[in-house]
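1. heads up, no residue letters with this:
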């Protein structure tokens, strides 16, 4: 076997070990924060004491698993009855929902997979981060011109330095503030390893054949939709950087790169179609587009996530969607990096520097698009509004597909983190590389940086530990109703108003007892269908038609004496009544 073959075999073995060890580190971090109780699929009480979005995701799956099989395969037929809506719009993690629906007949009534999904996400983040950092550092410190055939025997070319650094740095992504913020809040969006995977594909593109690249782009398109559709845009921008860069290197590759982008988009659209993303009259654009943007202070604003820095004000509270706090360790690295970068630009000249660093130039150009999409239309720094850019209505409708546009800032978060750390390592490697124990000094520096990052995250980690490691109990408000609403004579719970009040609790109670509901909280607007449905129920009641298989739900503020005769009313909670067919009034 040749020396090159031996080196390649050794490198593959190293990456396999990094993948396994990184995954183990991710698993340890998950168990440290969340414990083992959330991994019990029959324990779902913890879900109902978290964010309402998590309840939406779980209840969406509950109704999906009991819905009839139909095409598109993602349709739920009992949450906004008689309207069918895709579970894509309940953010129930399509791939997990579909797999477990297959086993509905053998699953217990109380069954959740969100703990398992979080555990797998932490493992994958650890595994992918470890091999990503190894690949990036190998390219940056050893390989020349991003070609694996050309290597330079320098002080950092050994079998220990880069793997050790890679494992240390993987913790920054595993315990990244974006992961900690989203996990078990918007659980699917906690799968930030998808973004890191797209970064790995970007820096590894030179080693793939053209056919393999097309397949990889298509698989990434499928993966994004099967976890959460918002990843489509973010991952797409990273893969676009890779394609544009390839075209700059070889203009003959333009047709191939167009095919790559087409395969990515086509696969994503196909997955959306199969799961019902285009089914019915669901409005593609979300309401309140622009309110969920990123504040210009987002990279330095910990909100609730730092043990050191204090939260900074925002222009509107909804800008939490653009949360992208870098962390104290990365902020320090970024400051040092900017010093190195400023000196390099000053020495070479602005134009010469960016001309010599085409990858950086291309990245900055594409990231500027992500940045503008994240901060517009209302640009604000802290509480101060800087400007408002009014999109033409056509563009507003198009961009409204991604209503929470502040999330586009996440791509910049990852690029800033890897850029700051990479420049710091390259700079310190140049300083310490030829000194005795130089590698140990660089490893120590990286360790201290990662430790600072982890310590800065302690506040949010401790708050999660306090919640997840205690036993939670949930009791539905429907259990207190002085009426047997779970009786087999009732098969539908009907809201006589169009709001999401009580819809999550009601939908879950309906699932437990095999009922349907006519209104639910979705990620997209189906108000026209719901309002038409409610108008039909009200018209029937006004004509004295009261169905004996329906439980009607009304706000107390809407109740009037003699309203809807033929219904007996009971208290549901402090603000809602339920009515069933009978005589008299029992309020």
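-> Now that the structure is in, tell me what you want to look at. On a predicted model such as this, the values are computed, not experimentally measured, just so you know.

2. Next, the buried residues of stretch 37-48.
-> For stretch 37-48, a neighbour-count test (16 or more other C-beta atoms under 10 Å) marks 38, 41, 43, 44, 46, 47, 48 as buried. For every residue, glycine as well, the C-beta is placed using N, CA and C.

3. where does the nearest residue to the second one once chain neighbours are set aside fall, phi/psi-wise?
-> If you skip the residues right next to it in sequence, residue 41 has residue 111 as its closest partner in space, 5.2 Å away by C-beta to C-beta, 6 or more residues apart in numbering. Main-chain dihedrals, residue 111, degrees, to the nearest 10: phi -150, psi 120.

4. Please renumber the chain so that the first residue is 592 from this point on.
-> Okay, using 592 as the starting number, the last item reads as residue 702.

5. My read is that residue 702 contacts residue 633, right?
-> Yes - using C-beta atoms under 8 Å, residue 702 is in contact with residue 633, at 6.5 Å.

6. coming back round to it: dump the buried residues of stretch 628-639 into JSON lines; add distance to residue 776, pLDDT and secondary structure as well.
-> Shown next, in JSON lines, are the buried residues of stretch 628-639 (distance: C-beta to C-beta, whole Å; pLDDT from 0 to 100; DSSP: H, G, I helix; E, B strand; the rest coil):
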{"residue": "629", "distance to residue 776": "13", "pLDDT": "95", "secondary structure": "helix"}
{"residue": "632", "distance to residue 776": "20", "pLDDT": "96", "secondary structure": "coil"}
{"residue": "634", "distance to residue 776": "18", "pLDDT": "96", "secondary structure": "coil"}
{"residue": "635", "distance to residue 776": "16", "pLDDT": "95", "secondary structure": "coil"}
{"residue": "637", "distance to residue 776": "13", "pLDDT": "94", "secondary structure": "helix"}
{"residue": "638", "distance to residue 776": "11", "pLDDT": "94", "secondary structure": "helix"}
{"residue": "639", "distance to residue 776": "14", "pLDDT": "92", "secondary structure": "helix"}
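
7. any idea how far the residue nearest to residue 632 lies from residue 653?
-> In this structure, residue 702 and residue 653 are 8 Å apart, going by C-beta to C-beta, to the nearest Å.

8. quick one: which of these two has more around it?
-> Per other C-beta atoms under 10 Å, whichever of residue 702 and residue 653 has more neighbours is residue 653, with 25 against 17.

9. ok, now which ones touch the more buried one?
-> Going by C-beta atoms under 8 Å, 6 or more residues apart in numbering, residue 653 touches 1098, 1099, 1102.

10. switch the cut-off to 6 Å
-> Contacts for residue 653 (C-beta atoms under 6 Å, 6 or more residues apart in numbering) come out as residue 1102.

11. Can you give me the buried ones in the helix or strand hosting it?
-> Residue 653 is part of helix 643-657 when elements are defined by DSSP states H and E. Across helix 643-657, burial judged by 16+ other C-beta under 10 Å covers 644-656.

12. repeat for stretch 954-970
-> For stretch 954-970, burial by neighbour count (16+ other C-beta under 10 Å) applies to 954, 957, 958, 961, 962, 964, 965, 966, 967, 968, 969, 970.

13. pLDDT on that stretch, on average?
-> In this model, stretch 954-970 has a mean pLDDT of 84.

14. if we look at it, which residues are touching it?
-> Residues from elsewhere that reach stretch 954-970 (C-beta under 6 Å, 6+ apart): 828, 831-832, 881, 884-885, 913, 977-980, 982, 996-997, 999-1000, 1002-1003.

15. Which ones among the residues you listed map onto strands?
-> Residues of the contacts of stretch 954-970 located in strands (DSSP state E): 977, 978, 979.

16. Pick the one among these closest to residue 723.
-> The nearest member of these to residue 723, counting by C-beta to C-beta, is residue 977 at 35.1 Å.

17. how far away is the closest one from residue 672?
-> Using C-beta to C-beta, one obtains 46 Å as the distance from residue 977 to residue 672.

18. Same question for residue 712.
-> Note on residue 712: its distance to residue 672, by C-beta to C-beta, is 33 Å.

19. So what's the residue count around residue 842?
-> Number of residues near residue 842 (other C-beta under 10 Å) recorded here: 8.

20. which residues touch it?
-> Contacts here follow C-beta under 6 Å, 6+ apart; on that basis residue 842 touches nothing.

21. and what of the one 10 residues further on?
-> With C-beta under 6 Å, 6+ apart as the criterion, the residues that contact residue 852 are residue 834.

22. in which helix or strand would I find it?
-> helix 845-865.

23. cool, residue 900 as well?
-> For residue 900, there is no helix or strand it lies in under DSSP H and E.
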